[in-house]
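Participant: Coordinates for the following, if possible.
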Amino acid sequence: MGTITSHRDLVVWQKGMDLAVQVYRLTSQFPRSEMYRLTAQLTRAVASVPANIAEGSARGSRRDYANFLAIAKGSLMETETFLTLAVRLLYLTKEEAAPSFSLITEMSKMPTALRRRLLEG
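Facilitator: Residues are numbered from 1 along each chain as shown. Okay, the predicted model is just below:
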């Protein structure tokens, strides 16, 4: 692994950005009636994942960074929940949502592992 000089070097941030792009594209298919409801909640949650990782990395202490990583993990689980709701409401098929669910699964342990390393180090 190379040297981490910025949040942009973190795989978890990169994957968070990929997930955000996927989810934004998916929500463009939602009914207009959901613009200020599920669409707004889902896009806010998914954008919060890489945003909190970036903000945490810019903080002065490891403890602050670890806190922002915990928030990012929470936003990731919130994203998963809202995507599940979108599938249940038939706004998306399971197949359409599958790449995002896979990325969420892949990412789910990353903030926790990074947080643990920060607090131990």
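
Participant: can you pull out the helices in this structure?
Facilitator: For the chain, the helices defined by DSSP state H occupy 11-27, 38-58, 62-88, 94-107, 110-120.

Participant: For residue 64, which non-adjacent residue is spatially closest?
Facilitator: Nearest residue to residue 64 in three dimensions, chain neighbours excluded: residue 56, at 6.6 Å (CB to CB, 6 or more residues apart in numbering). No exception for glycine: its C-beta is placed from N, CA and C like everyone else's.

Participant: Could you do residue 42 as well?
Facilitator: Spatially, and ignoring its direct neighbours in sequence, residue 42 is nearest to residue 82 (4.2 Å; CB to CB, 6+ apart).

Participant: isn't the one you found right next to residue 38, touching?
Facilitator: Yes: in this structure, residue 82 is within contact of residue 38 by CB atoms under 8 Å, at 6.3 Å.

Participant: low pLDDT regions in this structure?
Facilitator: Within the chain, the stretches with pLDDT under 70 are 1-4.

Participant: before we move on, the earlier item: what's the overlap in contacts for residue 82 and residue 38?
Facilitator: Residues touching both residue 82 and residue 38 (CB atoms under 8 Å, 6 or more residues apart in numbering): none.
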